[in-house]
Structure formats: C-alpha cells, structure tokens
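Asks: Predicted structure and sequence below. I'll ask about it afterward.
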Amino acid sequence: MFEKLFKLKEHNTNARTEIIAGITTFMTMAYILVVNPFMLGDAGMDVPGVFAATALSAAIATLVMALVANLPFALAPGMGLNAFFVYTVVIKLGYTWQMALTAVFLEGIIFLVLTFLNVREAILNCIPKPIKHAISVGIGLFIAFIGFVNAGIIVHKDYSTIIEMGDILHGAALLAIIGVVITGILVARKVKGGLLLGIFITALIGIPMGVTDLSSFDSSGMFKIPSMSEVFLKFDFSEIFTLKFLTVLFTFLFVDMFDTVGTLIGVSDKAGLLNDKGELPNAKSALFADAVGTTAGAILGTSTVTTYVESASGVAEGGRTGLTAFTTGIFFLLALFISPIFLVIPSAATAPVLIIVGMFMMSPIVKIDWNDYTESLPSFLTIIIMPLAYSISHGIAFGVISYTAIKLTSGKGKEVSILTYILAIVFVIGFATGALHVGE
C-alpha cells in the first residue's frame, strides 16, 4: 500500500526509513503543542481548545502534504505568526482574537486562490532577498524576546528604564534559565526531539521549585479529545473592510508566504528534491497543503498553519516521500488524546524553546550583504524594529519602505521591482492613516 501511494522505490527509500523520519520530525516540532496553546491563551483563547485545534490542524495539513504533494514536509501553526497574532494584532492593536482568527481564515482562502492562479510563486520572485532574510532574523529576535518576558527574565518595572533584568535567582525566571541550559545541551548534542525533551525535563524540575503546578493536572481528560467549542468557528467579520484590518491581513499573507516558500526551497535543496532549475516540481501541491492547513486551522481555532523548518530533521533521517509526512500527521492525531500531559506544563518551561527557536531563525543573517548599505540598512531596520517595537508588521514596513527609498535615491531604483514599490506605498499609507498605530 505504501509503495503504491508514495512511490518509495522511485525515491530510493523504504517504509522503515520513512516512518522513522516521520517520528523524528514529530519529535522535533511537537513543542508547538505546548507553546502555541499558551501563547494564544495570552490573547484570551481557551487553552485546551487551542491545543486540540493545533494538533488537528497540523494533522490535516501534514496529511494533505503527504497524500497530495508526496513530500516529506510537516506543517503546524507557525512560530512568529502566532506571536504576530497574539502580541501585535490582539494585544497591541486591540483586536479581539475572533477578529484575528477571521484574518487568518481569509488569508487561507486568499492563499487557495493565489495557489491555483500560480501567483504565490510569481510574488516570491519580486520581493528583495535581503528583506526576506531579515524578516526571519527579526522574527527570531521577537520570539526570543517574548520568551525572556514570559519567563520574567526581562521585565518592565517602572518608567526609569524601558526594560530591565528580572529576579533571575528565583521562581519562573530561574527555571527558564535552567531550561535554556538543558535544552541547549540537548540541541548541541543533536538529541532527537531535544526541544520537546527540554520542555518536559524543565517542567519536571519545576515541580520541587513550585513553578509546575500538578494540581492543574486533570487525569479525567486523558484519552479524551479536548473540546474546541470555545474556539471553533469563532469569526467576527464586522471590521474586515477597514484599512487597519486589511493591513493586518496583508502582513499575515506576507510573512506566511515567505516563511512557507523559503522553508520548502531550503529543505527540498537539502533533500535533493529540486530539479536542475532549482525548482520544486510539486511546489503547487505543497502550497495547496499550506493553504488548506491555514483555512482549516482558522475554522478549528488556531493561528496560521505553515510548513516547518524542523522538517529538515526528518529529511536528515532519510525521509524523501509523503510517507514521512503521513507518519508525522498520524502522531499529531495521537497527541490529541493525551492533552493533560501537555497542558500542565508552565510557561517557564516553554520559554527556553522560544529563546532557542529564536536562535534557529537567526541563520539567514549571513545571507545579507552587509557591505551594500542599500541592502544592509533596510535589513537592519527590519530586524531591529520587530523586537523593539514589539511588532512584526512594523519591522516589515520599515524594511520595505527604507529599501525602496534608499535604492531609489542611490541611483539603483531599477533594482526594485514594481510590486516592491507598491508594497512600500501600502505601508506608507498605513502609517499615514494610523492603520499601523504610529506612536501607540
């Protein structure tokens, strides 16, 4: 059956290798089952419901990737995109989480249309490479900063300083620091599932420290799927025609588009799946899986679903076909039945993963030409604005606007695509109209 579905021999692989690769991929990205519910919980969403939506949307999208695209990539609600959902759209801009879910849902629908029209690939080729690299780096810093804040390592106490060091010798902050060391060792030693294992070890250490509260463990919930009634189909279309909402929707589209396509190309290259032209033959099907995942995730009650760079771990184990993704998808379904184990874990135990995943996302910084100031300055602004403004959208806006302005005034205006000029104009309008909440 596996041979017929996934053409294993054609890809010089076998079922055992693919299944092991799929388990490896799940182990390296299963931390999202812990991190995502608690992050979206900061927006006021029901944590058990988001857990179920996270696992189910990941399973749906990954199984579509397996059965339609026959590629070894896994998908789940994306880091960075969930941070934008919670800390920018809901907390900073003041939208309800229902409105944010509506933006994600519309994003998924638009992606479905753009995928069928082959527009996503065309747009990718028009966006400046340094800005794309900078977005990944900026989001990495943003995620790490959130981890430090959630753990109490970095705090805002009064107006004498913007931020300062918290009490790192006690409680959650100390546990998080211990977690960073433990998880860092596991990652450095290339332990399979090191991020997930780091979360569980840190949570266990938190028990005698009084940070991990076992009284919240609900054994009656074992082997039962958490109810999604509080987050399922909770849309609010009342403001979808406002400029502010359209700016948020555009940012979701923008970030997810390049996160997904960049991951597909990078991991495919490592797996030897690209053709002679450097293209992924099943790119359209892969992008379709991403769009289906985002749409289904919004309906179920979670933030944007995207392809995971951790898929590279499965590829490194020899995964070459959709059987790898199929295995990962099945494990996400199984995770639905043991939610109490994941939900008892404190944020101090997940903060180290945010910090370390932030580090992972820094790698594209070496691809930026720092000697060309028409590219390095916009890239730097993109990177630095995100954590300092606590806003991914502001970082992207600064990057795109400065890139077009500097290139144009330096006599290099022809290097900028028409679409990039249009994007810059959109962001300028956003600042001028207050859609990006300048001075908030």
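Replies: Here it is on my side, so go on.
Asks: Helices of the stretch 151-300 of the chain, residue ranges please.
Replies: Here the stretch 151-300 of the chain has its helices, by DSSP state H, counting those that start in this stretch, at 171-188, 194-209, 243-271, 283-300.
Asks: what number of residues lie near K92?
Replies: 17 (other Cβ atoms under 10 Å). The way it works is simple: take the backbone N, C-alpha and C, and place the C-beta from them, glycine included.
Asks: If you could redo that for Y373, that was the one I meant.
Replies: 12.
Asks: Distance check, the residue nearest to it when sequence neighbours are not counted against I385.
Replies: Spatial nearest neighbour of Y373, excluding adjacent residues (Cβ to Cβ, 6 or more residues apart in numbering): I406 at 7.5 Å. As defined by Cβ to Cβ, to the nearest Å, I406 lies at a distance of 15 Å from I385.
Asks: Pick out whichever of these two has more residues nearby.
Replies: Neighbour count, other Cβ under 10 Å: between I406 and I385, I385 has more, with 23 against 19.
Asks: As CSV, could you dump the C-alpha coordinates of the host helix or strand of the more buried one?
Replies: Element membership for I385, per DSSP states H and E: helix 373-389. Output of helix 373-389 as CSV, limited to C-alpha atoms (Å, rounded to 0.1, in the frame of the first residue of the first chain):
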residue,chain,number,x,y,z
TYR,A,373,24.3,49.8,2.5
THR,A,374,21.3,49.9,0.2
GLU,A,375,20.5,46.4,1.4
SER,A,376,22.1,46.2,4.8
LEU,A,377,20.4,49.3,6.3
PRO,A,378,16.9,48.2,5.3
SER,A,379,17.7,44.7,6.6
PHE,A,380,18.9,46.0,9.9
LEU,A,381,15.8,48.2,10.3
THR,A,382,13.6,45.2,9.6
ILE,A,383,15.5,43.1,12.2
ILE,A,384,15.8,45.7,15.0
ILE,A,385,12.3,47.2,14.8
MET,A,386,10.5,44.0,15.4
PRO,A,387,11.6,43.3,19.0
LEU,A,388,11.9,46.9,20.0
ALA,A,389,8.5,47.9,18.6
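Asks: elements contacting that helix?
Replies: Judged by 3 or more Cβ pairs under 8 Å, 6 or more residues apart in numbering; DSSP states H and E, the packing partners of helix 373-389 are helix 129-151, helix 392-409.
Asks: Any chance of the ones you listed in a markdown table with distance to G322 and mean pLDDT as columns?
Replies: Formatted as a markdown table, the helices and strands packed on helix 373-389 follow (distance: least, Cβ to Cβ, whole Å; pLDDT from 0 to 100):
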| stretch | distance to G322 | mean pLDDT |
| --- | --- | --- |
| helix 129-151 | 26 | 83 |
| helix 392-409 | 31 | 89 |
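Asks: Quick check: which of these is nearest to F254?
Replies: Set against F254 and scored by Cβ to Cβ, the helices and strands packed on helix 373-389 come closest in helix 392-409, at 6.3 Å.
Asks: tilt between the closest one and helix 373-389?
Replies: For helix 392-409 against helix 373-389, the angle by axes from the mean of the first three to the mean of the last three Cα atoms, to 10 degrees is 160 degrees.
Asks: Of the helices of the stretch 151-300 of the chain, flag the one that's most buried.
Replies: helix 283-300 (a mean of 25; mean count of other Cβ atoms under 10 Å).
Asks: Using PDB, write out every CA atom in that one.
Replies: Taking C-alpha atoms only, helix 283-300 is exported to PDB below (Å, rounded to 0.1, in the frame of the first residue of the first chain):
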ATOM      1  CA  ALA A 283       5.500  23.200  -5.300                       C
ATOM      2  CA  LYS A 284       1.900  24.000  -6.200                       C
ATOM      3  CA  SER A 285       0.700  20.900  -4.300                       C
ATOM      4  CA  ALA A 286       2.800  21.800  -1.300                       C
ATOM      5  CA  LEU A 287       1.500  25.400  -1.300                       C
ATOM      6  CA  PHE A 288      -2.000  23.900  -1.600                       C
ATOM      7  CA  ALA A 289      -1.400  21.900   1.600                       C
ATOM      8  CA  ASP A 290      -0.300  25.100   3.400                       C
ATOM      9  CA  ALA A 291      -3.400  27.000   2.300                       C
ATOM     10  CA  VAL A 292      -5.700  24.100   3.300                       C
ATOM     11  CA  GLY A 293      -4.000  24.000   6.700                       C
ATOM     12  CA  THR A 294      -4.300  27.700   7.300                       C
ATOM     13  CA  THR A 295      -8.000  27.700   6.400                       C
ATOM     14  CA  ALA A 296      -8.800  24.600   8.400                       C
ATOM     15  CA  GLY A 297      -6.800  25.900  11.400                       C
ATOM     16  CA  ALA A 298      -8.700  29.200  11.500                       C
ATOM     17  CA  ILE A 299     -12.000  27.200  11.400                       C
ATOM     18  CA  LEU A 300     -10.800  25.000  14.200                       C
END
